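Chemist: coords please:
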Amino acid sequence: MAQLTWDESGEKIFEAGLDRGVLYLNDGTGLAWNGLKAFNEIDLQGFEPYVYDGLKTGNLPVSGDFAGKLTAFTYPDEFLPYIGISSAVKALNITGLYIPNQLGRRSFGLSYRTLIGDDVKSTDLGYKIHILYNLVASADGIDYETLDDNVDPVDFKWTVTSTPEIVAGYHPTAHVIADSRYLSEIRMAHLEEILYGSETSSPRLPDLASLLDSLDNTYLITITDHGNGTWSAEGPDDLVTMTDETTFSIDSSGVTIIDPDTYDITSA
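Modeler: Down below sits the predicted model:
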């Protein structure tokens, strides 16, 4: 048995900040969103009272859509069609002329990072990557004011709603969070390569089922042949496990057992 304690060093956890905003267009390609200031998540879920024989006996959870308030100092030009602003280039061939309040807005995706800190490491404890799907935005009012000695940039604000993705085994959702404190380094690096791109790939946002599948198994195991009759495997701890100092086991759908001494491994 252990007695509860409070205020131990390193246990005062907090979250702060927002950075690494990425806008994902309707085709899944990603663009850096410089100037993203805030995303205020709104929980639209609620409860309905459960009444039996005239007495309240519990609460039934009622699912709601993911929604939020998006705030930015500026936004990529590619975001204009997603907030109902059309360029006159296509119809009139006039560059630099924009027409607001247009219909036919497409949905978009978004990701951003929030920092995790504690009383020892400040904001270097870890971070969370928030991934949002199928968003539709409508602009809030914009306040334009005369300048004085201090230049205060205008805040662009949008109310955002979503359409959830359907994933087997889970309730439909439009919001996924990856926590670097618990997700393995290999999985986090793989996720960031997908979302942010690399020297050999462009940033993209796959559908949620495909994203979860890519984080699941064989893509994350790397087999190295040392050329001397030995080989090694590298992967997340739940897929590659050391059974003793020189032996390991691989738990992956990429492993096919041919006989007790022979198997085939598909890896990155």
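
Chemist: in the stretch 1-150 of the chain, which spans are strands?
Modeler: Listed in chain order, the strands of the stretch 1-150 of the chain (DSSP state E, counting those that start in this stretch) span 14-24, 30-32, 36-43, 46-52, 55-62, 66-72, 86-87, 98-99, 108-118, 122-139.

Chemist: what lines up beside the first one in the sheet?
Modeler: Right, strand 14-24. According to DSSP bridges, the neighbouring strands of strand 14-24, each with its direction, are strand 30-32 (antiparallel), strand 108-118 (antiparallel).

Chemist: would you mind giving the ones you listed as JSON lines with mean pLDDT added?
Modeler: Formatted as JSON lines, the entries for the strands paired with strand 14-24 read as follows, by pLDDT from 0 to 100:
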{"stretch": "strand 30-32", "mean pLDDT": "97"}
{"stretch": "strand 108-118", "mean pLDDT": "96"}
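
Chemist: for my notes, confirm Ile194 occurs in a strand.
Modeler: No: counting by DSSP: H, G, I helix; E, B strand; the rest coil, one finds Ile194 to be helix, located in no strand.

Chemist: hey, what's the nearest residue to it once chain neighbours are set aside bridged with?
Modeler: When the adjacent residues along the chain are set aside, Ile194 lies closest to Arg204, with 6.4 Å between them (C-beta to C-beta, 6 or more residues apart in numbering). Where you see a C-beta, it was placed from the backbone N, CA and C, and this is true even at glycine. On the basis of DSSP bridges, Arg204 takes part in beta bridges with Thr29.

Chemist: residue contacts, Arg204?
Modeler: 24, 28-30, 194-195, 197 (C-beta atoms under 8 Å, 6 or more residues apart in numbering).

Chemist: try it again at 6 Å.
Modeler: Counting by C-beta atoms under 6 Å, 6 or more residues apart in numbering, Arg204 touches 28-30.

Chemist: ok, Gly35 next?
Modeler: Residues counted as contacts of Gly35 (C-beta under 6 Å, 6+ apart) are 72-74.

Chemist: state the number of residues packed around Ser111.
Modeler: Ser111 sits with 24 neighbouring residues when counted by other C-beta atoms under 10 Å.

Chemist: ok, back up a step: got the contacts of Arg204 as TSV, with distance to Asp143 columns?
Modeler: As requested, the contacts of Arg204 are exported to TSV (distance: C-beta to C-beta, whole Å):
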residue	distance to Asp143
Gly28	34
Thr29	32
Gly30	30
